[in-house]
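>>> Quick one: sequence plus predicted model below, questions after.
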Number of protein chains: 2
Amino acid sequence: MKSQHSYSESEKQAVYRVIKERRDMRHFTNEALEDGLLMRLLTVANQAPSVGLMQPWRFIRITDNTLRAAIKTLVETERNITADLLNQRKNDFLKLKVEGISECAELIVVALPEGREKHLFGRRTMPDMDLASVACAIQNMWLAARAEGIGLGWVSLFDPIELANLLNMPEDSRPIALLCIGHVEQFYEKPMLIEQNWAKAAEVESFLFENTWQEVETTL
Amino acid sequence: MKSQHSYSESEKQAVYRVIKERRDMRHFTNEALEDGLLMRLLTVANQAPSVGLMQPWRFIRITDNTLRAAIKTLVETERNITADLLNQRKNDFLKLKVEGISECAELIVVALPEGREKHLFGRRTMPDMDLASVACAIQNMWLAARAEGIGLGWVSLFDPIELANLLNMPEDSRPIALLCIGHVEQFYEKPMLIEQNWAKAAEVESFLFENTWQEVETTL
């Protein structure tokens, strides 16, 4: 049965379109964002669900260029360590552009705050549900950015302790994302790691089980 | 500068609308979903970003009613343990409806698969980026469901080891969400935990820093 609460066909199409066309961007031009746009993205982040309504997201806007350069150096260091561990894929990995920190209009560090242990609701057995909430917030930003025609890339190639030190973060807080946000010449047709032959994507049917951990014919 | 890649005003409005109106639902009616809808939701989950394109999401559809009842019992057990730990808020907590497992049309367990340690890209220093990817996938489902007029609730009140045992999951896999999906009489106007006076939400301005971990006047 179709829901009486369904959006119009054109609204639904817009939602499906943005989900499909969102890309993890690493290539940016250096034009500034229009006024108000960054605030719109941060506002939708704060509309994300959060476990026990704890709103465990903090956003550090990097406006100091020396700091931005220091962050880029951290990423470069981690990129080289990862490359060495990838053995025979090292050279392929090093050909990939993994961040756009120098070029993007805005660099935002997203972090979990200190004092999270007091939030028990939905976290007693799985304390990392706070990270899940922040990821939902970032996905909201990603989708809104794509609808605005703006690229966003989530970079996780960094040592979180080093980054926390650089930003004077309290001891039990934790940075989880470097978001590069900015204008792009074009959005990748497919995820960049597919276009660059780093990885292949599987269809969703490969990931579906029924009642138990075993591939079965579903009736879906 | 406005982007040449921007969607139309009406498309952008649809995207902002769905982000704003998405709710973590616990109240469902028991009508079945229309044919194809669950598959559309799983398809958008698989369009989420994932670290190193590892697609670390698995979806177990629960169609066995005995199993559904056993899962509800697990949640009830965890709800009571959490309640006891909440001391003076215990009674308020126990008044909240925390799941809609018996009533919802579809119950989906979302899990991280086994064998994740081989995926190093973006995870060497932060292995839990796989959880972040799955959260983005669930947020996609949540938004598409809302546009379809269908409620979705993410329940994390369970012991993951017990749930993994119930579903015969491999040792280093891990369930992270019980998704209740179904028709609803109405969507909450505000998040249910706000409507029920469990929590207050803060505006995004409280969560913004600039260059360092300190509240400052930003120019945003």
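Alright, I've got the coordinates.
>>> Tell me the spatial nearest neighbour of the spatially most central residue of chain A, not counting adjacent residues.
Geometric centre of chain A, nearest residue: A:Trp154, 3.9 Å, by C-alpha atoms, centre = their mean. Spatial nearest neighbour of A:Trp154, excluding adjacent residues (C-beta to C-beta, 6 or more residues apart in numbering or on different chains): A:Ala177 at 5.1 Å. All C-beta atoms are positioned from the backbone trio N, CA, C, and that covers glycine.
>>> What strands line up against the helix or strand encompassing that neighbour, and which way round?
Applying DSSP states H and E as the criterion places A:Ala177 in strand A:174-182. Paired strands of strand A:174-182, with direction, are strand A:106-112 (antiparallel), strand A:151-155 (antiparallel) (DSSP bridges).
>>> model confidence over the helix or strand that it is followed by, on average?
Sequence-wise, the next helix or strand downstream of strand A:174-182 (DSSP H and E) is helix A:192-195. The average pLDDT within helix A:192-195 is 96.
>>> near chain B at all, helix A:192-195?
Yes: Helix A:192-195 is in contact with chain B by C-beta under 8 Å from any C-beta of the partner chain, via A:Leu193, A:Ile194.
>>> With only the CA atoms kept, save that helix in PDB.
Extracted in PDB, the C-alpha atoms of helix A:192-195 (Å, rounded to 0.1, in the frame of the first residue of the first chain):
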ATOM      1  CA  MET A 192      36.400   7.800  -8.200                       C
ATOM      2  CA  LEU A 193      37.800   4.500  -6.900                       C
ATOM      3  CA  ILE A 194      35.800   2.700  -9.600                       C
ATOM      4  CA  GLU A 195      36.700   5.200 -12.300                       C
END
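>>> List the buried residues for it?
A:Met192, A:Leu193 (16 or more other C-beta atoms under 10 Å in any protein chain shown).
>>> Please state the offset of it from the chain centre?
16 Å (C-alpha atoms, centre = their mean, to the nearest Å).
>>> Then stretch A:33-49?
Per C-alpha atoms, centre = their mean, the displacement of stretch A:33-49 from the mean C-alpha position of its chain is 14 Å.
>>> Show residues contacting that stretch.
The contact list for stretch A:33-49, computed with C-beta atoms under 8 Å, 6 or more residues apart in numbering or on different chains, reads A:55, A:57, A:59, A:61, A:105-106, A:133, A:136-141, A:143-145, A:148, A:150, A:152, A:181-183, B:1-2, B:16, B:19-20, B:22, B:24, B:139, B:142, B:154, B:191, B:201, B:203-204, B:207-208, B:220.
>>> check which helix or strand covers A:Ala164.
Per DSSP H and E, A:Ala164 falls inside helix A:160-166.
>>> For that helix, which helices and strands make contact with it?
Packing contacts for helix A:160-166, counted by 3 or more C-beta pairs under 8 Å, 6 or more residues apart in numbering or on different chains; DSSP states H and E, involve helix A:65-85, strand A:174-182.
>>> pLDDT wise, what is A:Glu215 at?
Note on A:Glu215: pLDDT of 73.
>>> right, I mislabeled it, should have said A:Thr219
For A:Thr219, the model assigns a pLDDT of 62.
>>> quick revisit: quick check: buried residues in the strand holding A:Ala177?
Across strand A:174-182, burial judged by 16+ other C-beta under 10 Å covers A:Arg174, A:Pro175, A:Ile176, A:Ala177, A:Leu178, A:Leu179, A:Cys180, A:Ile181, A:Gly182.
>>> The residue nearest to the centre of chain A contacts A:Asp24, doesn't it?
Yes: the criterion here is C-beta atoms under 8 Å, and A:Trp154 meets it with A:Asp24 at 6.2 Å.
>>> Any idea what the residue nearest to A:Trp154 is bridged to?
As for beta bridges, A:Ala177 partners with A:Val110 under DSSP bridges.
>>> which residues touch it?
Here A:Ala177 is in contact with A:Val109, A:Val110, A:Val134, A:Ile138, A:Trp154, A:Val155, A:Ser156, B:Ala132 (C-beta under 8 Å, 6+ apart).
>>> need those residues in JSON lines with distance to B:Glu114 and pLDDT, can you?
JSON lines is the format used below for those (distance: C-beta to C-beta, whole Å; pLDDT from 0 to 100):
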{"residue": "A:Val109", "distance to B:Glu114": "32", "pLDDT": "98"}
{"residue": "A:Val110", "distance to B:Glu114": "28", "pLDDT": "98"}
{"residue": "A:Val134", "distance to B:Glu114": "25", "pLDDT": "98"}
{"residue": "A:Ile138", "distance to B:Glu114": "26", "pLDDT": "98"}
{"residue": "A:Trp154", "distance to B:Glu114": "24", "pLDDT": "98"}
{"residue": "A:Val155", "distance to B:Glu114": "27", "pLDDT": "98"}
{"residue": "A:Ser156", "distance to B:Glu114": "21", "pLDDT": "97"}
{"residue": "B:Ala132", "distance to B:Glu114": "18", "pLDDT": "98"}
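>>> Give me the buried subset of those residues.
Buried by 16+ other C-beta under 10 Å: A:Val109, A:Val110, A:Val134, A:Ile138, A:Trp154, A:Val155, A:Ser156, B:Ala132, out of the contacts of A:Ala177.
>>> what would those look like in a markdown table with distance to B:Gly100?
Converted to a markdown table, the buried ones among the contacts of A:Ala177 look like this (distance: C-beta to C-beta, whole Å):
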| residue | distance to B:Gly100 |
| --- | --- |
| A:Val109 | 36 |
| A:Val110 | 30 |
| A:Val134 | 25 |
| A:Ile138 | 27 |
| A:Trp154 | 31 |
| A:Val155 | 37 |
| A:Ser156 | 34 |
| B:Ala132 | 26 |
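>>> nearest to B:Glu99, of the residues you listed?
Using C-beta to C-beta, A:Val134 comes nearest to B:Glu99 of these, at 22.6 Å.
>>> Would you check that that closest one makes contact with A:Pro113?
No: if you go by C-beta under 8 Å, A:Val134 and A:Pro113 don't touch, sitting 9.9 Å apart.
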